[in-house]
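> Quick one, fold the following:
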Amino acid sequence: MSTTISVLFFARKSRVIVDGRIPIYMRISVDGGRFNVSTKLYTKREDWSQSSSSVIGKSEEAKKINECLEGFRMKAFDYQRELMMKGAPLTVEAMRNKWLGKSSERPRMLLEIFDEHNEQMKALVGKDFSPLTLERYITSRKHTHEFMKWKHKIEDIDIQKLNYEFITDYQFWFKAIRKCDHNTTVKYLSNFKKIVNICLKNAWLKRDPFLGFKMTKREVERPFLTETELNAIAAKTFLAPRITQVRDIFLFSCYTGLAYADVKKLTRGEITTGIDGEKWIFTHRQKTETASRIPLLPQAIEILERYKDHPQCENQGRLLPVLSNQKMNGYLKEIADMCGITKKMTTHTARHTFATTVTLTNGVPIETVGRMLGHRNLKTTQHYAKILDKKVSDDMGVLRQKFSVTKSGELPKGGART
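Numbers count the residues shown, from 1 in each chain. Here you go, the predicted model:
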């Protein structure tokens with residue numbers, strides 16, 4: 001297949017308009033094929049030179065016509081370059097469609113791109129992505145489809161039709177129709193934005209529909225148990241073995257910071273001897289695939305010993321007999337009621353409790369806490385530090401004592417007036 005084109009101009013002397021002028025045409029040839037288009041330009045029969053494909057003479061009119069013809073020539077070669085840059089076949093049909101403004105390519109459809117992305121992600125589960133990440137994008141694709149049917153009554157959409165209005169309508173649908181809170185809406189829109197970014201990076205889209213659209217998560221309260229509440233749960237005797245089992249697994253999370261999914265998949269092989277000769281957990285977070293290394297506290301070791309011979313653990317090769325997340329949260333609500341705790345208690349409350357009451361409050365540096373939690377960014381861990389009123393109280397208590405032993409109006413040693 002030819003990778004070059006040729007451009008020729010000719011006048012049709014057989015077609016004469018009223019004032020004796022003849023029309024000028026352009027011929028584009030590609031690989032033995034060709035097509036003609038009118039330039040909408042006219043010249044006198046005697047002024048046209050077929051050998052030079054131009055109007056002869058130095059008149060102002062001749063100069064303008066020849067400049068226009070050169071512009072047409074450059075435009076044809078620009079179209080050739082665009083097709084080659086896209087990797088599209090350079091054919092007469094492709095050049096004709098390009099010149100006439102017709103798209104010779106099948107439009108790229110949003111959900112088809114979404115499906116291709118999800119299929120590639122599926123193939124990389126366990127290597128670059130976790131099953132939970134894949135599930136998130138499958139759900140996001142489903143939401144996108146439902147939104148388009150609700151708003152536009154269509155099954156799919158040409159990505160060229162994506163615009164700012166589409167994004168704002170999608171946001172409205174999440175909040176008003178799906179009844180999602182702000183942060184959940186931002187999470188789903190962030191997933192959708194990844195698909196849009198794929199289109200932008202491949203030059204399938206020239207303008208970002210998210211341009212000017214703000215996606216900032218709002219800071220939310222992260223419930224955690226106080227030391228008193230944690231001790232009350234640990235000391236409580238429950239008649240039902242199943243509730244005791246849920247309580248113990250919850251406490252294990254409180255003393256390790258592991259999320260529900262990470263506790264459920266924990267195996268004996270992930271308990272090893274650390275640099276200090278003590279038992280540690282060496283694992284990877286299922287959510288982010290980041291490494292997490294946690295020295296085991298005595299309370300956590302005691303719980304593991306309690307369930308080492310449990311039939312479910314032996315059959316599944318797991319460390320703890322973890323129920324489904326839904327059942328765990330149901331039992332935790334009962335445990336909270338029986339212990340007089342009014343906070344909403346879920347499996348994730350344990351992770352927050354480890355970050356605050358168990359570690360940060362007891363002086364463990366925030367960098368250490370972040371590493372044990374498997375956080376990629378210290379800012380994530382800093383959210384917990386903001387809510388530690390007790391730590392603020394303790395630190396200020398030390399300062400208060402220093403002030404109390406000084407004379408009235410004097411600053412403690414090392415202090416400075418401002």
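
> make it CA atoms for all contacts and neighbour counts henceforth
OK.

> What residues sit buried inside stretch 15-23?
By neighbour count with 16 or more other CA atoms under 10 Å, stretch 15-23 contains the buried residues 21, 22, 23.

> if I read this right, the second one contacts residue 11, doesn't it?
Yes - taking CA atoms under 8 Å as the definition, residue 22 is a contact partner of residue 11 at 6.5 Å.

> can you tell me which of the buried residues of stretch 15-23 are in helices?
Assignment to helices by DSSP state H places none of those there.

> hmm, back to that, common neighbours of residue 22 and residue 11, please.
Counting by CA atoms under 8 Å, 6 or more residues apart in numbering, no residue touches both residue 22 and residue 11.

> mind listing what's buried in the helix or strand hosting residue 199?
Applying DSSP states H and E as the criterion places residue 199 in helix 182-201. Of the residues in helix 182-201, 185, 186, 187, 188, 189, 191, 192, 193, 195, 196, 197, 199 count as buried by neighbour count, 16+ other CA under 10 Å.

> ok, now stretch 78-85?
Using 16+ other CA under 10 Å as the burial criterion, the residues of stretch 78-85 that qualify are 79, 80, 83.

> re the thing from before, which residues does the next helix or strand after the helix holding residue 199 contact?
Moving toward the C-terminus from helix 182-201, the next helix or strand (DSSP H and E) is helix 227-235. Contacts with helix 227-235, where a contact means CA under 8 Å, 6+ apart, come from 247, 248, 251, 335, 336, 339, 341, 357, 358.

> same thing with stretch 275-288?
Counting contacts by CA under 8 Å, 6+ apart, the residues outside stretch 275-288 that touch it are 129-130, 132-133, 261-262, 266, 270-274, 290-296, 374.

> Just the buried subset of these, please.
129-130, 133, 261-262, 266, 271, 291-296, 374.

> From those residues, which land in helices?
Among the buried ones among the contacts of stretch 275-288, DSSP H puts 133, 261, 262 in helices.

> The nearest residue to residue 73 once chain neighbours are set aside in helix, strand or coil?
In this structure, residue 73 finds its nearest non-sequential neighbour in residue 7, 6.4 Å apart by CA to CA, 6 or more residues apart in numbering. At residue 7 the chain is in strand, as set by DSSP: H, G, I helix; E, B strand; the rest coil.

> next one: residue 29
Assigned by three-state DSSP, the conformation of residue 29 is strand.

> now the helix holding residue 199: mean pLDDT?
For helix 182-201, the mean pLDDT works out to 95.

> Residues touching it, excluding its own?
Here helix 182-201 has contacts from 113-114, 117, 136-137, 140-141, 171, 174-175, 205-208, 210, 215-218, using CA under 8 Å, 6+ apart.

> Recalculate using a threshold of 7 Å.
The list of residues contacting helix 182-201 from outside it, by CA atoms under 7 Å, 6 or more residues apart in numbering, reads 114, 137, 140, 171, 174, 175, 205, 206, 215, 217, 218.

> Likewise for stretch 110-120?
Outside of stretch 110-120, the residues within contact range by CA under 7 Å, 6+ apart are 134, 137, 138, 141, 156, 157, 158, 159, 195.

> tell me the contacts of the first one?
So the one you mean is residue 134. With CA under 7 Å, 6+ apart, residue 134 has these contacts: 118, 121, 122.

> Any buried residues in the longest helix along the chain, and which?
Assignment by DSSP H gives helix 60-86 as the longest helix of the chain. Neighbour counts over helix 60-86 (16+ other CA under 10 Å) mark 62, 65, 66, 69, 72, 73, 76, 77, 79, 80, 83 as buried.

> Thank you, goodbye.
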